[in-house]
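Enquirer: Quick one, structure for this:
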Amino acid sequence: MIKRLGPALRSMPHHATPLKFLMPGWYALVMGLAGLSLAWHRATPLLGEMAGAVSLLVGALAAAVFAVLAVATAIRGRRYPEAWAEDRKHPVRHAFIAALPIAVLLLATVGVALAGPQPLLRALWWAGALAQLFVTWWVLSRWWRPPAQGGLQWRG
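Expert: Next up, the predicted model:
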């Protein structure tokens, strides 16, 4: 089966700049991993310390994925500012920008669940919450604006 897929994979277009196409929706990976970590944490009383260990490992993986995505997003923003502008103007992708602050909120929640309340985690949560408030306001204002003022074109 892999031999049959080989020519098809080789014929697929490959971009020399894959970082240009890193959309904010990739932060959904962090959201899913953080949610899984929280679920394992809640299962600890029923399943024992092994569930707590899984929660810790998955939470650490979520933090590592977030760190890699954050660095890649920063590099993308510097190298391809037009791609970031495209994401903000796109009729669907613009809403996925909210995945970044949600990922921050969930990571802070995982940190509090695993390590208890800490000032750094509280600051991280507030930063995520304020960023989410801003992004929500921005997305909604874009939806409500007329198309002539940069809003979305709704089909009637």
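Enquirer: If I look at Pro18, what pLDDT would I see?
Expert: On pLDDT, Pro18 comes in at 83.
Enquirer: So the spatially most central residue of the chain versus Gln149, what's the distance?
Expert: By Cα atoms, centre = their mean, the mean C-alpha position of the chain lies nearest to Tyr27, the distance being 1.5 Å. The gap separating Tyr27 from Gln149 is 28 Å, by Cβ to Cβ, to the nearest Å. No exception for glycine: its C-beta is placed from N, CA and C like everyone else's.
Enquirer: I'd guessed Ala131 sits against Val104; true?
Expert: Yes. Counting by Cβ atoms under 8 Å, Ala131 does reach Val104; the two are 6.8 Å apart.
Enquirer: Between those two, tell me which one has more neighbours.
Expert: Neighbours per residue, other Cβ atoms under 10 Å: of Ala131 and Val104, the larger number sits with Val104, 23 against 17.
Enquirer: Give me the next element, helix or strand, following whichever strand or helix holds that one.
Expert: In the assignment (DSSP states H and E), Val104 maps to helix 99-115. With elements assigned by DSSP H and E, the helix or strand that comes after helix 99-115 is helix 119-144.
Enquirer: Give me the helices and strands touching that next one, please.
Expert: Here helix 119-144 touches helix 99-115, going by 3 or more Cβ pairs under 8 Å, 6 or more residues apart in numbering; DSSP states H and E.
Enquirer: Run through who's touching the helix it packs on.
Expert: 24-28, 30-31, 34-35, 37-38, 41, 55-56, 59, 62-63, 66, 73, 118, 121-122, 124-125, 127-129, 131-132, 135 (Cβ atoms under 8 Å, 6 or more residues apart in numbering).
Enquirer: same question, stretch 42-59
Expert: Stretch 42-59 has contacts (Cβ under 8 Å, 6+ apart) with 33-34, 36-38, 40-41, 107, 110-111, 113-114.
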